[in-house]
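Asker: Need coordinates for the following:
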Amino acid sequence: MRWYVLQTKTGGEEKLVGMIQKLLPSALYGECFVIYYEQLWRRHEQSFVHVARAFPGYVFITSDEPDSLYLELKRVPAMSKLIADDSLYFLALEAAEEEFLARILSEKHVIRLSYLATDGHGHVRQTAGPLRTCLKQVVRYNYRKRSAAVRLRLAGSEKQILLGFVLPEDIRRQLRYGKVEAPIAVSEHYQVCLSDQPDQEEDKKHLQFQPGDRVTVMGGDLAGMTGIVSKMRKHTVKLSIHFLGQQLDIEIAAADVQKLE
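Answerer: Numbers count the residues shown, from 1 in each chain. Next up, the predicted model:
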């Protein structure tokens, strides 16, 4: 099915989706949805994951029958007041635009947080997640706000969207959900905190590891994953693990790692 975009008033995106699902024959379209993105916000030494609209004022719909769909859309109150010009309020996406959005979206139409590591001087060294597929389209990085501005084409025009990311130090902290604009169910925590305050038992555990040891991550968002120890610090262990489709170097608390026999 081809992708189409409907323009509506900002803040009324979910209302329009609900009207379409209620009033239009389901045979005329496949999915009707709003695209959201996750972004990390930090306040008072705490980190929160906000979920916001990636394209305010836009609703996406897939269909094989655009002509019939357009006629039915005129029956939807939220659209009948806006549709005055086909070229403005009911636009077809190009194949490349569809492909780009499909690559970066999750099954819930959310652009998830990416992982990003730098060389310490602002140069990107590793990426995973949605950002990995569009590095050449990044206009700028805002490391303080944990976001990257990405240039893309949408319905034939140039636009910029923000993609959120986490840095290595973020995944060792407890992340909580903050403001969630998406109509999806979320838990209180985005991921379990990896302790940065080991005790004496953790010190003893740390001494058990040697470079090259194969270990399992026991806690946090990476629980259950296996990796290879590359370096030990006072209270943490640096691992090489397979994460989000690529090998990454992750430093986590020694207490959250168990050596494989």
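
Asker: Distance of Lys22 relative to Arg153?
Answerer: 32 Å (CB to CB, to the nearest Å). Any C-beta I mention is one placed from the backbone N, CA and C, and that applies to glycine too.

Asker: actually Glu169, not the one I typed
Answerer: From Glu169 to Arg153 the distance is 34 Å (CB to CB).

Asker: Ramachandran coordinates for Glu94?
Answerer: Backbone torsions for Glu94, taken as degrees, to the nearest 10, come to phi -80, psi 160.

Asker: which residues does it contact?
Answerer: Arg153, Gly156 (CB atoms under 8 Å, 6 or more residues apart in numbering).

Asker: can we see that at 7 Å?
Answerer: Neighbouring residues of Glu94 by CB atoms under 7 Å, 6 or more residues apart in numbering: Gly156.

Asker: Break down the stretch 151-261 of the chain into its strands, ranges please.
Answerer: Using DSSP state E, counting those that start in this stretch, the strands of the stretch 151-261 of the chain run over 157-166, 175-180, 189-191, 214-217, 226-232, 236-243, 246-253, 257-259.

Asker: strand partners of the longest one, parallel vs antiparallel please.
Answerer: In its sheet, strand 157-166 lies beside strand 114-118 (parallel), strand 147-154 (antiparallel), with partners assigned from DSSP bridges.

Asker: so which of those gets nearest Glu38?
Answerer: Across those, Glu38 has its closest neighbour in strand 114-118 (9.2 Å, CB to CB).

Asker: The following helix or strand past that closest one pairs with which strands?
Answerer: For strand 114-118, the following helix or strand on the C-terminal side (DSSP states H and E) is strand 124-128. The strands beside strand 124-128 in its sheet (DSSP bridges) come out as strand 114-118 (antiparallel).

Asker: hang on, the earlier thing: among the strands paired with strand 157-166, show me which one is buried the most.
Answerer: Ranked by mean neighbour count, these are led by strand 114-118 with a mean of 20 (mean count of other CB atoms under 10 Å).

Asker: what does that strand rub up against?
Answerer: Here strand 114-118 makes contact (CB under 7 Å, 6+ apart) with 124-132, 163, 165-168, 243-244, 248.

Asker: Report the angle between that strand and strand 236-243.
Answerer: Strand 114-118 runs at 130 degrees relative to strand 236-243, counting by axes from the mean of the first three to the mean of the last three CA atoms, to 10 degrees.

Asker: Tell me the gap between strand 114-118 and the middle of its chain.
Answerer: 12 Å (CA atoms, centre = their mean, to the nearest Å).

Asker: So for it, mean pLDDT?
Answerer: What strand 114-118 shows for mean pLDDT is 87.

Asker: and if you look at stretch 35-51?
Answerer: 87.

Asker: Which positions in that stretch come out as buried?
Answerer: For stretch 35-51, a neighbour-count test (16 or more other CB atoms under 10 Å) marks Ile35, Tyr36, Tyr37, Glu38, Gln39, Leu40, Ser47, Val49, His50, Val51 as buried.

Asker: If anything else comes up later, I'll come back, but that's it for now.
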